[in-house]
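>>> sequence unknown, structure follows:
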């Protein structure tokens, strides 16, 4: 079979599967955005460590490294580009406030349009990052990247679960807040500000934040 199937790609494959399942769950029936967020959190967990796991294999061929870069970006597009948009569709379908507004078809057009533009922003960022990373590696060879330009798409794994948590903590409909987060996050994907790349300690802190969100969402759901 074509492709790579050793332990270096397991987390990336799991992230893609989780992202796909999250999309299916979010868009089934009226949609289940709450469950979709759990899949998004798991995608974030996989992405946090896939690079570390891959780097433990010392004798990776150049083809294996390039394959890993490509599938990582393709998986990220599904997990952090399409899945958050699918969760947004589910929230929109369940929103009593938005579905009670007049001119529903016009509203549908704008809602789906904004979500599609968010996915496009994630796609453009990932493609741009791949090109820049290839250029950087040719110039700097084995040096590690120290910073990112714009907001990494993986930040979606913490941003949107937080908005969903607000939905459980507040009696108000947070769908508009979610769409606001979609717009701002998409713009930040394409912005030129610099963000320092997290080291191992920083990654563990982000994982801890994700774990707190997971537990808080689970408790909120059980208590509601």
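Received it, and whenever you're ready, just let me know what you need. Bear in mind the structure is a predicted one, so any value in this text is a computation, not a measurement. Numbering: from 1, shown residues only.

>>> Next, the contact list for the residue sitting nearest the centre point of the chain, please.
For the chain, the residue nearest the mean C-alpha position is residue 80 (2.2 Å; CA atoms, centre = their mean). Each residue near residue 80 by CB atoms under 8 Å, 6 or more residues apart in numbering is listed here: 19, 40, 43-44, 47, 122, 153-157. Where C-beta positions appear, they are placed from N, C-alpha and C, glycine not excepted.

>>> now the helices for this protein?
10-27, 33-55, 62-76, 83-94, 96-99, 104-140, 156-169, 175-189, 200-223 (DSSP state H).

>>> what's the third one packed up against?
This points to helix 62-76. If you count contacts as 3 or more CB pairs under 8 Å, 6 or more residues apart in numbering; DSSP states H and E, helix 62-76 packs onto helix 10-27, helix 33-55, helix 104-140.

>>> Let me have those helices in JSON lines, extended by distance to residue 182 and mean neighbour count.
Output for the helices and strands packed on helix 62-76, formatted as JSON lines (distance: least, CB to CB, whole Å; neighbours: other CB atoms under 10 Å):
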{"stretch": "helix 10-27", "distance to residue 182": "14", "mean neighbour count": "21"}
{"stretch": "helix 33-55", "distance to residue 182": "13", "mean neighbour count": "21"}
{"stretch": "helix 104-140", "distance to residue 182": "5", "mean neighbour count": "15"}
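
>>> partners of residue 196 in the sheet?
Assessed by DSSP bridges, residue 196 has beta-bridge partners residue 147.

>>> And it, how far from residue 65?
Using CB to CB, to the nearest Å, residue 196 is found at 24 Å from residue 65.

>>> which residues touch residue 27?
Counting by CB under 8 Å, 6+ apart, residue 27 has contacts 86, 89-90.
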